[in-house]
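J.: attaching a predicted model along with its sequence, questions to come.
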Amino acid sequence: MKKMLLSMACLICLTTGLFAQTTKKELRHVVLFGWKEKADTAAISKAVVAFGKLPGQISSIKKFEWGTNNSPEKLNNGLTHCFLLSFASEKDRDAYLVHPAHKAFTTLLPDILDKVTVVDYWVQQ
């Protein structure tokens, strides 16, 4: 009976997250874009596609995802596109920032980008 109760307690802890997670820390790089009012939609699409290709070109990117704002709160201050990248270290993030593929991607932005916000943080669990 004690073994069964202990097993049930362990199962509850695992499913509710009461045990400390053993995942490695990750550095998140959040990039938010807002486009110029007269920005060409084809140019915006080209930039979004190019950003999405960076994980295949830069090995230090561990994870990548993106999406467009759909919050009903209307607190996005003109920022419509969010890109989330994950890195194992600040060194990996810094290598991404100066990587030729990232530099080439940024050349697509000056004529269409109105606002940008970048926030980097270590994941806390």
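T.: Yep, it's here.

J.: number of nearby residues for the closest residue to Arg93 other than its chain neighbours?
T.: Using Cβ to Cβ, 6 or more residues apart in numbering and skipping residues adjacent in sequence, the residue nearest Arg93 is Phe87, 4.3 Å away. For the C-beta atoms, the positions are set from N, CA and C on the backbone; glycine is no exception. Phe87 has 21 neighbouring residues, counting by other Cβ atoms under 10 Å.

J.: return the residues in contact with Phe87.
T.: 26-27, 29, 60-62, 93, 96 (Cβ atoms under 8 Å, 6 or more residues apart in numbering).

J.: mark which of those residues are buried, thanks.
T.: Among the contacts of Phe87, those buried by neighbour count (16 or more other Cβ atoms under 10 Å) are 26-27, 29, 60-61, 93, 96.

J.: Asn76: which of the residues you listed is nearest?
T.: If you rank these by distance to Asn76 using Cβ to Cβ, His29 comes first, at 18.6 Å.

J.: look up how far Asp92 lies from the closest residue to that closest one other than its chain neighbours.
T.: Excluding the flanking residues, the one nearest His29 by Cβ to Cβ, 6+ apart is Leu85, at 4.3 Å. Distance, Leu85 to Asp92, using Cβ to Cβ, to the nearest Å: 10 Å.

J.: those two - which one has more neighbours?
T.: Neighbour totals were compared for Leu85 and Asp92, and Leu85 leads with 25 against 18 (other Cβ under 10 Å).

J.: all helices for this structure, in order.
T.: Per DSSP state H, the chain carries helices over the ranges 2-16, 41-57, 90-98, 100-106.

J.: what comes up buried for stretch 68-85?
T.: Buried residues in stretch 68-85 (16+ other Cβ under 10 Å): 76, 79-83, 85.

J.: then stretch 25-38?
T.: 26-27, 29, 31-35.

J.: mind listing which of these are in strands?
T.: When DSSP state E defines the strands, the subset of the buried residues of stretch 25-38 inside them is 27, 29, 31-35.

J.: so which of those residues comes closest to Thr68?
T.: For these, the minimum distance to Thr68 (Cβ to Cβ) is 9.8 Å, reached by Phe33.

J.: was I right to think the closest one contacts Thr106?
T.: No. Counting by Cβ atoms under 8 Å, Phe33 does not reach Thr106; the two are 11.5 Å apart.
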